[in-house]
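In: With the input below, show me the fold.
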Amino acid sequence: MEPMDIVGKNKEDVTLPKATMFKIIKEMLPQDVRVARDAQDLLVECCVEFINLISSESNEVCNREEKRTIAPEHVLKALEVLGFGEYIEEVYSAYEQHKLETLDSPKGKWSSAAEMTEEEALAEQQRMFAEARARMNGGVSLPKQSDSES
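Out: Residues are numbered from 1 along each chain as shown. Reported below is the predicted structural model:
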């Protein structure tokens, strides 16, 4: 039987994308510094363990507040409880930056759909359908068929 470090998951099931992590490691170090593959693997494992630690403590904070969803405040409190208080300001800053970036993302546009009038929403839907038709037809926009032609 394999160890179950994370609820419902085998240790091997929980990891980070190694190629991405190796790229981050390389970018963080001076160009003339090389890191052995074993050391890179160890750093990735340390990152996974750190995330597990913060997640577990965030869950504990969340449970103490009798909440069901871990919120950013729980993560920040977990950092403080675990002795990583010096990182709270930087983490909060990254969180704020993330919120700004996601407002500009296509996903963020859907939240503004509630502010559209019905006519605006219909026009946007028609524009999106036209773009999808054009993509399906290899970039050639074909006129849509009317009901009488079908």
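
In: Can you read off the backbone torsions of the residue nearest to residue 22 when sequence neighbours are not counted?
Out: Distances taken as C-beta to C-beta, 6 or more residues apart in numbering place residue 40 nearest to residue 22, at 5.4 Å, with adjacent residues excluded. All C-beta atoms are positioned from the backbone trio N, CA, C, and that covers glycine. Backbone torsions of residue 40, given as degrees, to the nearest 10, read phi -60, psi -40.

In: Mean pLDDT per helix and strand in the chain: which one sits at the bottom?
Out: Using mean pLDDT, DSSP states H and E, the weakest-scoring helix or strand in the chain turns out to be helix 106-111, at a mean of 52.

In: Quick one: end-to-end distance for stretch 64-76.
Out: End-to-end span of stretch 64-76 (C-alpha to C-alpha, to the nearest Å): 15 Å.

In: how about it: buried residues?
Out: 70, 74-76 (16 or more other C-beta atoms under 10 Å).

In: Quick check: mean pLDDT of it?
Out: On average, the pLDDT along stretch 64-76 is 95.

In: and what of stretch 119-138?
Out: Mean predicted lDDT for stretch 119-138 stands at 80.

In: Take it, keep the C-alpha atoms, and write them as CSV.
Out: Provided in CSV are the C-alpha atoms of stretch 119-138 (Å, rounded to 0.1, in the frame of the first residue of the first chain):
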residue,chain,number,x,y,z
GLU,A,119,-29.9,43.9,-27.4
GLU,A,120,-26.2,44.2,-26.7
ALA,A,121,-26.0,40.6,-25.5
LEU,A,122,-27.8,39.5,-28.7
ALA,A,123,-25.4,41.5,-30.9
GLU,A,124,-22.4,40.0,-29.0
GLN,A,125,-23.8,36.5,-29.4
GLN,A,126,-24.3,37.1,-33.2
ARG,A,127,-20.8,38.4,-33.5
MET,A,128,-19.4,35.4,-31.7
PHE,A,129,-21.4,33.0,-33.9
ALA,A,130,-20.1,34.8,-37.0
GLU,A,131,-16.5,34.4,-35.7
ALA,A,132,-17.0,30.7,-35.0
ARG,A,133,-18.6,30.1,-38.5
ALA,A,134,-15.6,31.9,-40.1
ARG,A,135,-13.1,29.7,-38.1
MET,A,136,-15.0,26.6,-39.1
ASN,A,137,-15.0,27.6,-42.8
GLY,A,138,-11.2,28.2,-42.8
